[in-house]
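# Here you go, sequence then predicted model.
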Amino acid sequence: MLLTQDEAKTKWCPHALSSDGGSIPIAINRSCKDGGPDHDCRCIASECMAWCWSDYAPEPQKLWTSAETEEEAIATKAANVGPTWELRQDSVFGGFYWQQPEAEVRAEVERLNRTTRRGFCGLAHSEGCQP
């Protein structure tokens, strides 16, 4: 079952334990009063080591240029290159490209993680987390 983090946090986790608050400390997973899941025994989504992301995270965008020098690449910067993008040179081929900053990508991943990106419990899935 694929869920956003907010959806997952409404589900019961069979591996979570909480104290019953009694004089003898015992760890429980379901309330003795109503038989339902204890509020402290809900899924914690990506805060759990078993959480697996299903939807891929975005990668930094790249835009290659035909420029032969750094000066030429800067002078001919394309209109669709973001204002914060960084000019880089490929270590193998020597060509130049513009790349979206890692910090922007991380911020976008965090935003997606909180809102629309979906995942699942690797312990509940028959094959666990698969890359």
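Great, that's in hand.
# What are the buried residues along stretch 64-79?
65, 67, 73 (16 or more other C-beta atoms under 10 Å). In this view, the C-beta of every residue, glycine as well, is placed from N, C-alpha and C.
# Check stretch 76-89 too.
81, 85.
# How about residues contacting it?
Under the contact criterion C-beta atoms under 8 Å, 6 or more residues apart in numbering, stretch 76-89 has outside partners 63, 65, 67, 70, 73-74, 95-101, 104.
# nearest to residue 14, of these?
Nearest to residue 14 among the contacts of stretch 76-89: residue 104, at 38.4 Å, using C-beta to C-beta.
# Leaving out sequence neighbours, find the closest residue to that closest one.
residue 84 (6.6 Å; C-beta to C-beta, 6 or more residues apart in numbering).
# separation between the spatially most central residue of the chain and residue 119?
Closest to where the C-alpha atoms of the chain average out (C-alpha atoms, centre = their mean) is residue 113, at 4.7 Å. Using C-beta to C-beta, to the nearest Å, one obtains 9 Å as the distance from residue 113 to residue 119.
# so what sits against both of those two?
Joint contacts of residue 113 and residue 119 (C-beta under 8 Å, 6+ apart) are 5, 46.
# lowest confidence element among the helices and strands of the chain?
Least confident helix or strand, the chain: strand 27-28 with a mean of 68, by mean pLDDT, DSSP states H and E.
# Which one of the buried residues of stretch 64-79 is nearest to residue 39?
The closest of the buried residues of stretch 64-79, once distances to residue 39 are taken by C-beta to C-beta, is residue 65, at 55.2 Å.
# Can you read off the pLDDT for the closest one?
With respect to pLDDT, residue 65 has a value of 90.
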